[in-house]
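Undergrad: Let's see this in three dimensions:
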Amino acid sequence: IAEAAGQVAGERASLRPDLAIAFVSAAYGSAIEKLPQLLRPHIGDCLVVGCSAGGLIGGGSEEEDEPGVALLCGRLPDAALACIHLEQSTLPPLSASREIWWRQLDLGPESAPSFILMADPATLDAETCARGIDRAYPGSTVVGGLTSGVLEAGASRLFANGQVHRTGGLLLALSGNVAVDPVLAQGCRAIGDPLFVTACEGNLIQELDGRRPKDILTTLFTTLDEADRDRFGDALCIGLALPGPRQTVGAGDFLMRNVLGLDPDTGALWVGSRVAPNAIVQFHVRDAKAASQELEERLAFALSGGIAPAAALLFAC
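TA: From the prediction side, this is the model:
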């Protein structure tokens, strides 16, 4: 922490930030809970928000499964900042009125906030939470990610407002003189053709275009080159077409979810998301070259407006 704070301080003569966002390697275990008190001597009483992570990216490098801290500090003198801790048990249902969300977050729509959501996937349904925010604050930007490095409920760490939580999620709201522009690069390349979900239940796909998913995947495998066949076992994903009218689907039109496995008896496919009947899906493989190319293209487009960003957060995988 001292090393990270020292690097940030070296970029500014006086380090008096309004906001600090920290991602801490899960390799530190329960010692992560010391982070707020250890940061205070370096950055003062600013709002500190963050969580544990399996990998860290910062300063032009990436570390996987190694101890470390990624720290971003910023001055936002004309922005309003607020962070609340969410629990699944107190999260309003999707059918709740907007007013209930406004009271829960103590934030009205007139502030036109942007949000950063960090959630423990074992104890908070982040997708439902994000959908609720979309209903309560139409047109708002919501970005974020999931704690990683550990899978057991209660093993993650989330910290905000000087407190450390082991469950739930954190929702950071930014309003006033601050803009958050999202850039999404999926990191995947499409293989095969788009397909209609003709039978499904929950996150089990029973038919695609009237055929068993197992049969479709077997045929698809035979059409791939050797490199993609090698990726097929551990890099296969399924893209769920985003809602909205369109004549065709292409790169950027899909929400990526993991392929969890095939039912050996029925040939049905388990995927990491609920699927709706008649949804359009397409199989993809994770691909480093395609990921880098897409990220560079989307960043170039985002930066073409001529306003240089003050900082960036990167949520990977």
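
Undergrad: Tell me where the stretch 1-150 of the chain has strands.
TA: 19-25, 47-53, 55-58, 61-64, 69-74, 79-86, 114-119, 142-146 (DSSP state E, counting those that start in this stretch).

Undergrad: Would you mind putting the ones you listed into JSON lines with distance to Gln186 alongside?
TA: Quick note: C-beta positions are derived from backbone N, CA and C, even for glycine. What follows is the strands of the stretch 1-150 of the chain, written out as JSON lines (distance: least, CB to CB, whole Å):
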{"stretch": "strand 19-25", "distance to Gln186": "21"}
{"stretch": "strand 47-53", "distance to Gln186": "20"}
{"stretch": "strand 55-58", "distance to Gln186": "17"}
{"stretch": "strand 61-64", "distance to Gln186": "18"}
{"stretch": "strand 69-74", "distance to Gln186": "22"}
{"stretch": "strand 79-86", "distance to Gln186": "26"}
{"stretch": "strand 114-119", "distance to Gln186": "19"}
{"stretch": "strand 142-146", "distance to Gln186": "14"}
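
Undergrad: which one of these lies closest to Val275?
TA: Nearest to Val275, of all these, is strand 142-146, at 20.1 Å by CB to CB.

Undergrad: all helices of this structure, in order?
TA: Using DSSP state H, the helices of the chain run over 2-10, 35-43, 98-105, 126-136, 213-222, 226-235, 288-303.

Undergrad: Figure out which of those is closest to Leu91.
TA: Where the helices of the chain are weighed against each other on CB to CB, the nearest is helix 126-136, at 6.1 Å.

Undergrad: May I see the strands of the stretch 1-150 of the chain organised as a markdown table, with mean pLDDT, mean neighbour count and distance to Thr219 added?
TA: Formatted as a markdown table, the strands of the stretch 1-150 of the chain follow (pLDDT from 0 to 100; neighbours: other CB atoms under 10 Å; distance: least, CB to CB, whole Å):
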| stretch | mean pLDDT | mean neighbour count | distance to Thr219 |
| --- | --- | --- | --- |
| strand 19-25 | 94 | 23 | 42 |
| strand 47-53 | 94 | 24 | 39 |
| strand 55-58 | 90 | 18 | 35 |
| strand 61-64 | 88 | 12 | 35 |
| strand 69-74 | 92 | 22 | 43 |
| strand 79-86 | 94 | 17 | 44 |
| strand 114-119 | 96 | 23 | 38 |
| strand 142-146 | 93 | 19 | 34 |
